[in-house]
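# 3D model of this:
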Amino acid sequence: MNLKHTGITAAALALVTVSASVAAGEPSSRSKSTVARGKYLVEQVAMCIDCHSPRNERGEFIRERWLQGAPLDFKNTVPMPKWAEAAPPLAGIPGWTEAQLVTLLTTGKDQKGELPDPPMPQYRMTRDDATAVAAYLASLGKLAGK
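Purely as a prediction, here's the structure:
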């Protein structure tokens with residue numbers, strides 16, 4: 001076996017190893033960084049946790065129900081045709097695909113062209129940020145019993 005053949009064999013082995021990792025569902029470093037960016041955006045920038053995570057009587061987040069939906073503790077002050085009484089669960093993005101959520105977060109409208117019910121803001125995120133948010137929320141897994 002010559003040196004050139006050894007290099008080709010090593011490259012092929014590396015490709016097979018990476019392909020097997022992806023096929024097995026192991027997150028790549030890029031997807032790990034995307035999920036981490038999404039977590040930052042959800043928890044520190046867009047503040048999704050404020051409406052979509054329930055709190056206890058002391059106002060502390062109930063960590064076991066993180067991003068699993070919560071009743072809204074404020075009411076609208078002007079008449080509106082629609083108003084969400086509760087924020088839906090986001091963990092595992094139930095009822096949505098990642099692509100649908102990216103559309104909502106980049107255009108402010110869902111796949112049908114409808115606006116979210118207030119008080120949900122009409123976000124206009126960049127595609128990269130919206131993809132990161134969707135990846136993080138999807139990484140939280142589906143809710144048990146939902």
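
# which helix or strand contains Ala36?
Using DSSP states H and E, Ala36 maps to helix 29-40.

# got the contact list for that helix?
27, 129, 131-137, 139 (CB atoms under 8 Å, 6 or more residues apart in numbering). Heads up, the C-betas are built off the backbone N, CA and C, glycines and all.

# now swap in stretch 53-65 and tell me
So stretch 53-65 is in contact with 49, 66-71, going by CB under 8 Å, 6+ apart.

# for that stretch, what is the average pLDDT?
Stretch 53-65 comes out with an average pLDDT of 95.

# what about Glu57, distance to Asp73?
12 Å (CB to CB, to the nearest Å).

# SS state for the closest residue to Leu140 other than its chain neighbours?
Spatial nearest neighbour of Leu140, chain neighbours left out: Ala91 (3.9 Å); criterion: CB to CB, 6 or more residues apart in numbering. For Ala91, the reduced secondary structure class is coil; criterion used: DSSP: H, G, I helix; E, B strand; the rest coil.

# surely Ala91 meets Tyr136?
No - using CB atoms under 8 Å, Ala91 is not in contact with Tyr136; the gap is 9.9 Å.

# give me the more crowded residue out of those two.
The neighbour comparison of Ala91 against Tyr136 (other CB atoms under 10 Å) goes to Tyr136, with 24 against 21.

# mind listing what's buried in the helix or strand where the more buried one lies?
Using DSSP H and E, Tyr136 sits within helix 127-139. Residues of helix 127-139 classed as buried: 129-139 (neighbour count, 16 or more other CB atoms under 10 Å).
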